[in-house]
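>>> sharing a sequence plus its predicted fold:
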Amino acid sequence: MSKYILPYDVFERHRKVASLINLDESVVDIGGELNLLSQFLSGQKLTVANLNTGDVIITKDKIPFQNNSFDVVCSIDVLEHLPKNKRKQFVDRMIAIAKKKVILSFPIGTSSHIKYEKKIASWLKEKKENVTYLDEHIKYGLPTE
């Protein structure tokens, strides 16, 4: 999918993450989708690691990279889909894999954001839309400061 037809919020998150990555840095996008972040990078070596599709298929409990494997380790819209008791382990693993920096992008669970997502999930369910991602936000709770 072209970056120009992405939903605005997806476009903005990927654009912002890409702006934090230097041209000469190697990058792994944990939980990313093929052809999303790459559209915002300018030739950086990018590896996509995901549960279903990607350059590397990962499992829920194992991210198969050696320590210090990539200059930059990023994860966009993943943390909120993990149970709270697994988040620290996930972030620690990302830190271990990174040589230089870790970039995380996720929604912050303010009371108004949580209320809004519950309302949107209910509305979309009435319209018989797939709201699996919102159900996981509600089930696991959004990350907080």
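Right, received. Where do you want to start?

>>> residues in contact with Ala121?
Neighbouring residues of Ala121 by CB atoms under 8 Å, 6 or more residues apart in numbering: Val131, Leu134, Asp135, Ile138. To be clear about C-beta, it is placed using only N, CA and C from the backbone, and glycine gets the same treatment.

>>> distance of the residue at the greatest distance from the centre of the chain from Asp135?
The centre of the chain is farthest from one residue, Glu126, which by CA atoms, centre = their mean lies 27.2 Å away. According to CB to CB, to the nearest Å, Glu126 and Asp135 sit 14 Å apart.

>>> the strand or helix carrying Asp9: what's the following helix or strand?
Using DSSP states H and E, the element containing Asp9 is helix 8-19. Next helix or strand after helix 8-19 toward the C-terminus (DSSP H and E): strand 27-30.

>>> strand partners (parallel or antiparallel) of the helix or strand following that next one?
For strand 27-30, the succeeding helix or strand toward the C-terminus, using DSSP H and E, is strand 46-50. Strand 46-50 has the following sheet partners, assigned by DSSP bridges: strand 27-30 (parallel), strand 56-57 (parallel).

>>> quick check: angle from strand 46-50 to helix 8-19?
Angle of strand 46-50 versus helix 8-19, following axes from the mean of the first three to the mean of the last three CA atoms, to 10 degrees, is 130 degrees.

>>> now Ser69: how far from Thr53?
20 Å.

>>> neighbour-wise, which of these two wins?
Neighbour totals were compared for Ser69 and Thr53, and Ser69 leads with 16 against 10 (other CB atoms under 10 Å).

>>> contacts for stretch 9-24, please.
Contacts for stretch 9-24 (CB under 8 Å, 6+ apart): 3, 6, 27, 36-37, 39-44, 71-72, 74, 76-77, 101, 103, 105.

>>> sweet, I'm off.
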